[in-house]
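Q: missing the sequence, but the structure's below:
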């Protein structure tokens with residue numbers, strides 16, 4: 001089953017931020033799509049399987065950004 005989750009993320013402001021977050025999330029098993037909206041300060045993640053929300057948050061935070 002495909003699921004979608006939206007996270008509010010602080011500290012994003014440029015293409016480097018988009019690339020860093022996208023790369024971190026797309027490296028996780030089950031993640032199918034990542035859409036980063038700099039204007040809204042949010043990240044939409046589409047995934048399948050047993051991906052834990054905490055795993056998604058950890059990937060964003062390890063890329064250097066704050067999930068709020």
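A: Looks like it came in fine. None of the values given here were measured: they were computed from a predicted structure.

Q: The closest residue to residue 22 other than its chain neighbours: what's it in contact with?
A: Closest residue to residue 22 in three dimensions, ignoring its sequence neighbours and counting by CB to CB, 6 or more residues apart in numbering: residue 34, at 4.6 Å. Heads up, the C-betas are built off the backbone N, CA and C, glycines and all. Taking CB atoms under 8 Å, 6 or more residues apart in numbering as the contact definition, residue 34 lies against 21-22, 25-26, 43-46.

Q: just the helices in the chain please.
A: For the chain, applying DSSP state H gives helices covering 15-26, 53-62.

Q: does residue 63 really touch residue 21, like I thought?
A: Yes: look at residue 63 against residue 21 with CB atoms under 8 Å: they come within range, at 5.4 Å.

Q: Buried among the contacts of residue 34? Make that a ChimeraX selection.
A: Only the buried members of these end up in this ChimeraX selection, burial being decided by 16 or more other CB atoms under 10 Å:
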select :21,22,25,43,45
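
Q: I'd like to know which of the contacts of residue 34 is nearest to residue 9.
A: Within the set of the contacts of residue 34, residue 43 lies nearest residue 9; the separation is 5.3 Å, counting by CB to CB.

Q: who's the closest one bridged to?
A: Applying DSSP bridges to residue 43 yields these beta-bridge partners: residue 7, residue 36.

Q: so who does it touch?
A: Contacts of residue 43 (CB under 8 Å, 6+ apart): 6-7, 9, 21, 25, 34-37, 60.
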